[in-house]
Each structure stands twice: as C-alpha cells, then as structure tokens.
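> Mind folding the following:
(chains A and B)
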Amino acid sequence: MRFRGLRDVGDPVELAAEYSGRGADELVFLDVKATLEDRATLVDLVRRVAQRIAIPFTVGGGVRATADAEALLRAGADKVSVNSAALERPELLTELADRLGSQAVVVAIDAEGGRVRSRAGTAATSRGAADWAREAEERGAGEILLTSIDADGTRAGYDLELTAAVAAAVNLPVIASGGAGEAAHVAEALEVAQAALLASILHEDPARLESLRSELRGLGVPLRDAA
Amino acid sequence: MKIAICDYGAGNVRSVELAFRRLRCEVVDDVSVADLAVLPGVGSARSAMAELRVRGNDEALRLRMEQGRAVLGICLGLQLALESTEEDGGVDGLALLPGRAVRLREGRVPRIGWADVDGDGDGDAYYFAHSFAAETPAATAFSEGVVAEARAGSFVGVQFHPEKSGAAGARYLGRLLAELEQLSSGNSYSLAYEGADVAGRAGAFLSRG
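Numbers count the residues shown, from 1 in each chain, chains lettered A, B, ... in the order given. Modelled structure (predicted):
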C-alpha cells in the first residue's frame, strides 16, 4: 500500500525530509528542473534529497537517454520517470530497463479524455492511454504513473474509470494521480490502482499527510507504521 | 565496522552507503578488507554479473565465503548470490547460496511497495521492488509467500531494500551489524541458523532490539 507526496515548487529538499518524516511511502519529483537552472543542478538536488531521506524516490523531467537516468540514480534516486521521450522513442524504455532494471523505470502517462498527451500535457496524440501503457509494459517499463488531466487539480476525486482501464490493460503496478481532495478519494483510488499520488492537497499543508494517513486507516486502508 | 559495496556500475548504491554511514560505519573500496561486503540491489542480472567479473569482485566474494567473512546481498544482490537466475534469458550467479531466482508468477510484476515480513514481531514493513524471487532451501523469512531473507554460511540476503525502508530498514541493518560484532570474536562469521525452527529464529532475529 503506498501513497506519495509530489512537489514541483518550493524547496524540494526540505519538503522531502518533511514528507518522509510524516510517513510518505515514496516521493516523486517531476519536472523539478523547471525551477532549477540546468541538469547538473537536478543531479545535485537528487544528491541532497538522498542525504536526508531513507524512503524510495523517483525523479522525472527531461530524461531522454540512459546516461541521464544513470546520473540521477548514481546520485541517489531509485527510479526515473520518462514521459515524452518514451512516446517519441519507445526503444528508450528497453534501453533503460536493460541497464537499470525495469523496477527502476516508471512511465508517466498524462491522459485527457482517455487519450495520451505529451510535452507536459500541451500536445495531443491519438494514442489511447491503455494502449500506450500496454506497449510501455512490453518495452520494459516497471510502473505506470497515470495522471488524469481531466481530474487534476479538481480535488473532486481521481479519474477512476481511466485508472481502472489502464490497470486492467497491464500487469504492472499503476500509480493513480490527479484529483485527490480527501482521504475517501485516496481510498477509492487504491481499489483500482496500487498506489495513489497526492500533490496539491499536500502542497499547501504538508502536515495534512499525517491526518490523511489516520483517516485512511479509519477507512480500513492498511498503511505501514512509519515510526 | 568497515563496509565495502560492490558497484555494478548502474543504479543507486549511494543510498546503501548513506544507510551504513548513518550507522557509523566506514565505507571502504576494497572488498577484501571490509568487515561486511554488500551486494547492492540495483540494475539487472546480466550487466551486474558482468561488472562483478570485470572488477574481480566475484572472486573476492567467493574468497570471503571460504574464509567465513560476512556478505550481505540486497534484492538483486540476493538473487546474484544464488546459483542462477531466470532474468535476462538466464544468468549464472555466484553460487554463494543454493537455489535459483525465478520470475514472480502471481500478482503485478514488478512487485513494488511496502510489505510485512512473516515472523517480524515488531510488525515492521519493508520496501520491495522486484520481478524475480529466490527459490532456496536457505530461506529464513517470507513476505506474502515470497522469500524475504535467506542465509547460508557467512552470507545473508534480503529481498527488500533496508536502505529504502525508512526507520524499520535502519533498525534491520543495525541488528545485523550488532550480530556481526557479537560474532567477531574470531574472524569468521556464520550467519546461518542451525536447527529446525527456522521461521521461529527468523522471527526472533527480526524483532529483536
């Protein structure tokens, strides 16, 4: 059972330490380099985060080649997430899996109306999300990070239909993302996905993570004792 | 304690290093001088075995086993210690442990997330991320039916990542180091359990301290 805290602004290192301390199962850093100057600084960020936490973390944003991924893992990240680069060149997934192991390779899929969007959601494709997830699995991906653009930021719940469809299409663990507003949403998402990612509801108040975990336990969701 | 981590040239070994440093160990480069040699849990079998050979670490590890000196395998490191693995079309391992690694047949694969280990009296969960699992008579603990820990001679292997299992993982490594210190009256360690009640002993180990 997992859920994760996602941060894309602010001081990622301090937030990582805070989320870890408050019981996050894993952390995901996506497109952090938009807040940093260049790739070398992203590696430095990873190094500093690794210094502070002892839970798994995934880094994504601009990973285009195995060398990029290797640099991030050597610095202390556990998994890399690829999105547009894999859509444009699916062979990348096999290259990454062969070198790093598929358990270190996450494919991030952003979907709107069931269709995959690339380039941070700005470009439409004709690909169905479940279909691309299936191909990603065949190519060597180890996990699917599925973000519903429709649900993202609404706080009205995850896109359960999309998530269930993608989860049914693959035998990989699927992380649901987009739409969490309360514990009940997370509990619902964990019925159809293997993990749930939270972003905006934690951005504004990281301490919320602890109360969410209690509420989830109250709803019967088994969570580890993070002490 | 001096810890040497075998580097496969791919993946995150830094977290293992940090975990041992937090436990006040010194991390050294030379596998032959370390109190504990660690086979980390990243990468894939074929390329990791190739790197072990290129760096001479395969021989160094076999020598350590002959001398009864401690080796810890984590995740892939446990699998490489077996006689072989099905991964990457079939790869010969180091044969430090009897048995082989096979692809998980149930559930979603890779098996990723936190899970309890049977016999852990503290009820601690540990982090797993793997597509293959050990089939070995040397198993000492299980998690959801999958081998979580195995021991033979001076080798101990875990399928989970103690360096990624937060406080629980740090406690596990701490107990292992304490065990090594207790045994270090000679220079050789047997980390294997004698006697029939393996699951009970595994429980005792994992929940002590």
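> And the residue of chain B closest to chain A?
Relative to chain A, the nearest point of chain B is B:A125 (3.8 Å; CB to the nearest CB). Quick note: C-beta positions are derived from backbone N, CA and C, even for glycine.
> list the helices and strands the helix or strand that contains B:L52 packs on?
B:L52 belongs to helix B:45-54 when elements are defined using DSSP states H and E. Contacts defined by 3 or more CB pairs under 8 Å, 6 or more residues apart in numbering or on different chains; DSSP states H and E place helix B:45-54 against helix B:57-66, helix B:76-81, strand B:91-92.
> Try it again at 7 Å.
Applying 3 or more CB pairs under 7 Å, 6 or more residues apart in numbering or on different chains; DSSP states H and E, we find helix B:45-54 packed against helix B:76-81, strand B:91-92.
> Mean pLDDT and mean neighbour count added to those, as CSV?
Listed next are the helices and strands packed on helix B:45-54 as CSV, based on pLDDT from 0 to 100; neighbours: other CB atoms under 10 Å in any protein chain shown:
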stretch, mean pLDDT, mean neighbour count
helix B:76-81, 96, 30
strand B:91-92, 96, 16
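> Quick one: these as JSON lines, columns for distance to chain A too.
Below are the helices and strands packed on helix B:45-54 laid out as JSON lines (distance: least, CB to the nearest CB, whole Å):
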{"stretch": "helix B:76-81", "distance to chain A": "7"}
{"stretch": "strand B:91-92", "distance to chain A": "13"}
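> I'd like these laid out as CSV, including distance to B:A4.
Below are the helices and strands packed on helix B:45-54 laid out as CSV (distance: least, CB to CB, whole Å):
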stretch, distance to B:A4
helix B:76-81, 13
strand B:91-92, 23
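> Ok, which of the ones you listed comes nearest A:E143?
helix B:76-81 (17.0 Å; CB to CB).
> What helices and strands are in contact with that closest one?
Counting contacts by 3+ CB pairs under 7 Å, 6+ apart, helix B:76-81 is packed against strand B:36-39, helix B:45-54, strand B:132-135, strand B:155-158.
> Quickly compare those and say which is most buried.
The highest mean neighbour count among the helices and strands packed on helix B:76-81, using mean count of other CB atoms under 10 Å in any protein chain shown, belongs to strand B:155-158: a mean of 29.
> Could you measure from the nearest residue in space to B:G157 that is not next to it in sequence over to B:A138?
Leaving aside its chain neighbours, B:G157 sits nearest to B:L78 (3.2 Å; criterion: CB to CB, 6 or more residues apart in numbering or on different chains). In this view, B:L78 and B:A138 are 10 Å apart by CB to CB, to the nearest Å.
> any common contacting residues for those two?
B:A150 (CB atoms under 7 Å, 6 or more residues apart in numbering or on different chains).
> what about the longest helix along chain B, near chain A?
Counting residues, the longest helix found in chain B (DSSP state H) is helix B:166-183. Yes. Looking at helix B:166-183 against chain A by CB under 7 Å from any CB of the partner chain, the contacts come from B:G166, B:A167, B:G169, B:A170.
> Among those residues, which one is most surrounded by other residues?
When the residues of helix B:166-183 next to chain A are compared by neighbour count (other CB atoms under 10 Å in any protein chain shown), B:G166 ends up highest, at 27 neighbours.
> tally of neighbours for the residue of chain A found nearest chain B?
Nearest to chain B in chain A, going by CB to the nearest CB, is A:R224, at a distance of 3.8 Å. Using other CB under 10 Å, A:R224 is surrounded by 22 other residues.
> my read: it touches B:A125, true?
Yes. At 3.8 Å, A:R224 and B:A125 qualify as touching, with contact defined as CB atoms under 7 Å.
> quick revisit: B:A133 versus the residue of chain A closest to chain B, what's the distance?
With distances taken as CB to CB, A:R224 is found 21 Å from B:A133.
> same question, A:A151
35 Å.
> need the residues of chain A near chain B, please.
When proximity is defined as CB under 7 Å from any CB, chain A approaches chain B at A:1-2, A:25, A:50-51, A:54-56, A:70, A:73-78, A:98-104, A:142-143, A:171-173, A:194-195, A:224-227.
> got the contact list for A:A136?
Each residue near A:A136 by CB under 7 Å, 6+ apart is listed here: A:A86, A:L93, A:V107, A:I144.
> Confirm that it sits in a helix.
Yes. Membership of A:A136 in a helix is supported by DSSP: H, G, I helix; E, B strand; the rest coil.
> Okay, now the unreliable bits of chain B?
Residue ranges of chain B with pLDDT under 70: B:119-121, B:184-190, B:192-209.
> helices or strands next to the longest helix seen in chain A in the packing?
Counting by DSSP H, the longest helix found in chain A is helix A:39-52. Packing partners of helix A:39-52 (3+ CB pairs under 7 Å, 6+ apart): helix A:12-21, helix A:66-75, helix B:14-22.
> average pLDDT for the strand ranked longest in chain A?
Longest strand in chain A by number of residues (criterion: DSSP state E): strand A:105-112. Strand A:105-112 shows a mean pLDDT of 96.
> so what strands line up beside it?
Strand A:105-112 has its sheet partners listed here by DSSP bridges as strand A:79-82 (parallel), strand A:115-118 (antiparallel), strand A:143-148 (parallel).
> ranking those by burial, who's on top?
Of the strands paired with strand A:105-112, strand A:143-148 is the most buried (mean count of other CB under 10 Å), at a mean of 28.
> got the CA coordinates for it in CSV?
Extracted in CSV, the C-alpha atoms of strand A:143-148 (Å, rounded to 0.1, in the frame of the first residue of the first chain):
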residue,chain,number,x,y,z
GLU,A,143,5.5,1.0,-13.3
ILE,A,144,2.9,3.3,-14.8
LEU,A,145,2.3,6.8,-13.3
LEU,A,146,-1.0,7.7,-14.7
THR,A,147,-2.2,11.3,-14.4
SER,A,148,-5.7,12.3,-15.4
